[in-house]
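just to be clear, the model below is a prediction. Sequence and coordinates:
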Amino acid sequence: MDSILNTLGSTWTALGLVFSYWWIWAPLILVFVYVEALKEYNQKVYKAGLKWITYELKIPLDAHKSLKAMEQIFAGLHVVGQSTPPKNLWEKYKNWRDALFKGKVKDWLSLEIVGTGGEIHFYIRIIEKYKSLVEAQIYAQYPESELTPVTDYMLSFPASLSYSDVNVNALELVFIKEDIYPIKTYPEFDEEGAGKDDVRRIDPLAPVAETLSGLGLSEFFGIQILARSTGDAWVKKDQAVIDKLMGREEKKGKTAADSVFEGIESGAHSISSAFFGPGEPAKEEKKKEDKPFNQLNPGIQETIKTIEKGTAKLAFESGIRMVYIAPLDKYDDGRMRSVAGAFKQFSTQALNGFKPGLSTDITKGFNKSARSLKNKKKIYKSYRGRDFPKKPLILNTEELTTIFHVPDVGVKTPALPRIEAKKGEAPAGIPTV
């Protein structure tokens, strides 16, 4: 009983001190809240001022190219959102100032696969200043394609849906493991045929195309992949994953407190040596030796090789959203399961895969219907505004190509956006009237 009373007394004393000095901490909290609110407001203004252009991508019927062509396109688009790390304190201050007072954020692009009324459309939405870059990259790899500027299809939807008339199923995907683990990519979907040059390609987007081609006139399904350039800081951040696989000792960062205590210990040892003579030398801890790579488990060796191959490629910060909208009498809950299930084929036990993050499918806890409605509104608003996620995924060019490309000619779905023939220019020298 006495211990409880002593604890309560100590707690009351601590609270008394906190409230006594409110004039110190309260203004600091208010300043922090103001700064964050100002930054968020200025970012909204900055984003509202960006000029976007939406392209629809169509490929000829007879186009038969390796997906490496699409990967080259994404390598060329890696400049979108690219920034140079600050070299000194002044540059860090300028970046902070621009973010706070001008609301500047890194540029990004949106890759979208949309199905509605039995038709499938592929869109690339980009800030207008990258217009020439996108056109050059697409036509360089697919010279017979059509890249047509179109009106943003989301403008046909209201800013806020009437959930008494339509139902929405939506989710955002996240990784199962750390970013450094790659997903299964398109080279692993190829099978060698009987001939030397005979390659049987299993297009990973075929199941998605089949599902979207079966949508009715009043149904809408959108897959949105947001991307912006990133450097190699994410690799260094997840280096502990490789160290663990290699059996290395975990490198713990030294904190300021550790440095202080080490200094005190070193000073005390020096004083002790001066008065009492040198003591016994401190025993050095025997470091765990790294196991040679060729002695690791074959499965771990293969995992490390795949990780290193993935980190060698250019990478993007990314986000993936899916939204299915349909009238109440036409709504089919299986649509989302079918498309989300198609993303399971990119998963492997040893490496990485996707799982639902924010979702409208709430199965646990209280107020499930209210929480589901809240998520519907949030994801729909983010999809319509192409809002970049606060916690993005890292996808390299190969992974991005795997989940966004125009399906191969082997995918016979009639709803795919293909063109009958190239629209060529008139020969030079023809007289005009």
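Great, that's in hand.

ok, which stretches of the stretch 101-250 of the chain are strands?
109-116, 119-127, 146-150, 166-175, 190-192, 199-201, 220-230 (DSSP state E, counting those that start in this stretch).

counting by contacts, list what the second one packs against.
Spelled out, that is strand 119-127. strand 52-60, strand 109-116, helix 131-141, helix 206-213 (3 or more CB pairs under 8 Å, 6 or more residues apart in numbering; DSSP states H and E). From N, CA and C alone the C-beta is placed, and that goes for glycine too.

most packed of the ones you listed?
strand 109-116 (a mean of 22; mean count of other CB atoms under 10 Å).

could you tell me the angle between it and helix 206-213?
60 degrees (axes from the mean of the first three to the mean of the last three CA atoms, to 10 degrees).

which helices and strands does strand 109-116 pack with?
strand 119-127, helix 206-213, strand 220-230.

same thing but 10 Å
strand 52-60, strand 119-127, helix 206-213, strand 220-230, strand 315-327, helix 334-342, helix 397-403 (3 or more CB pairs under 10 Å, 6 or more residues apart in numbering; DSSP states H and E).

in its sheet, which strands sit next to it, and in what direction?
With DSSP bridges as the test, strand 109-116 is paired with strand 119-127 (antiparallel), strand 220-230 (antiparallel).

my read is that N169 contacts P356, right?
No: the pair N169 / P356 is not scored as a contact, 11.1 Å apart, by CB atoms under 10 Å.

next, show the common contact partners of those two.
M322, M336, A340 (CB atoms under 10 Å, 6 or more residues apart in numbering).

centre-most residue in the chain?
S318 (2.3 Å; CA atoms, centre = their mean).

measure that residue to F175 for me?
In this view, S318 and F175 are 10 Å apart by CB to CB, to the nearest Å.

any low-confidence regions in the protein?
The model of the chain has pLDDT under 70 over residues 1-9, 12, 14, 18, 61-63, 191-201, 248-291, 293-295, 408-433.

with adjacent residues omitted, what lies nearest to L77?
Q137 (6.1 Å; CB to CB, 6 or more residues apart in numbering).

that neighbour against E71, yeah?
No: the pair Q137 / E71 is not scored as a contact, 11.2 Å apart, by CB under 10 Å.

can you count the residues close to the nearest residue to Y324 once chain neighbours are set aside?
Of all residues not flanking Y324 in the chain, N169 sits nearest, at 4.5 Å (CB to CB, 6+ apart). Neighbour count for N169, taken as other CB atoms under 10 Å: 24.

gap between N169 and S338?
11 Å.

one step back: Y46 is nearest to which of the helices and strands packed on strand 119-127?
strand 52-60 (13.3 Å; CB to CB).

in the helix or strand just after the closest one, what's buried?
Next helix or strand after strand 52-60 toward the C-terminus (DSSP states H and E): helix 68-76. Applying a neighbour-count criterion of 16 or more other CB atoms under 10 Å, the buried positions in helix 68-76 are M70, E71, Q72, I73, F74, A75, G76.

what's whichever strand or helix holds I304 packed up against?
Taking DSSP H and E as the definition, one finds I304 inside helix 298-311. Applying 3+ CB pairs under 10 Å, 6+ apart, one finds that helix 298-311 contacts helix 233-237, helix 239-245, strand 393-396, helix 397-403.

what lies in contact with it?
For helix 298-311, contacts defined as CB under 10 Å, 6+ apart pick out 178-185, 188, 232, 234-235, 238-239, 241-242, 245-247, 291, 293-297, 348-352, 394-399.

run the last query once more with 6 Å
Residues outside helix 298-311 that contact it (CB atoms under 6 Å, 6 or more residues apart in numbering): I180, P182, V235, L245, A350, N396.

give me the distance between the first one and P207.
It stands for I180. From I180 to P207 the distance is 27 Å (CB to CB).

next one: the helix holding I304 to chain centre, how far?
Taking CA atoms, centre = their mean, to the nearest Å, one finds the center of helix 298-311 at 21 Å from the center of the full chain.

in it, what's buried?
With burial defined by 16+ other CB under 10 Å, the residues of helix 298-311 counted as buried are T303, I304, T306, I307, G310, T311.

which residue is the nearest non-sequential neighbour of I73?
Using CB to CB, 6+ apart, the closest residue to I73 is Q137 (4.6 Å).

ok so, going back, give me the common contacts of S318 and F175.
Joint contacts of S318 and F175 (CB under 6 Å, 6+ apart) are L393.

after the helix or strand hosting F19, which helix or strand is next?
Per DSSP H and E, F19 falls inside helix 2-20. Sequence order places helix 22-48 as the next helix or strand after helix 2-20, per DSSP H and E.

how about that next one: buried residues?
N42, Q43.

starting at the chain centroid, how far to that helix?
For helix 22-48, the distance to the chain centre is 27 Å (CA atoms, centre = their mean).

swap in stretch 308-322?
The mean C-alpha position of stretch 308-322 is separated from the chain mean by 7 Å, CA atoms, centre = their mean.

got the end-to-end distance for that stretch?
30 Å (CA to CA, to the nearest Å).

which one is L226 nearest to, not counting chain neighbours?
G319 is the one closest to L226 (CB to CB, 6+ apart), at 4.4 Å.

circling back: distance to E144 added to the buried residues of helix 68-76, as a markdown table?
Converted to a markdown table, these look like this (distance: CB to CB, whole Å):
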| residue | distance to E144 |
| --- | --- |
| M70 | 15 |
| E71 | 19 |
| Q72 | 16 |
| I73 | 15 |
| F74 | 20 |
| A75 | 21 |
| G76 | 18 |
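
tell me the spacing between L133 and Y55.
12 Å.

now swap in A342 and tell me
24 Å.

now swap in D107 and tell me
D107 is 16 Å from Y55, by CB to CB.

repeat that for L173.
24 Å.

do the same with A206
23 Å.

so the residue nearest to L226 sits against K391, correct?
No: using CB atoms under 6 Å, G319 is not in contact with K391, being 8.6 Å away.

so for the two, which sits in the more crowded spot?
G319 (26 against 9).

who are the neighbours in contact with the more buried one?
G319 touches L226, P389, P392, counting by CB under 6 Å, 6+ apart.

now it: how far from R97?
In terms of CB to CB, G319 sits 27 Å off from R97.

got it, and T230?
Relative to R97, and taking CB to CB, T230 is found at 22 Å.

ok, the two, which is more surrounded?
T230 (23 against 11).
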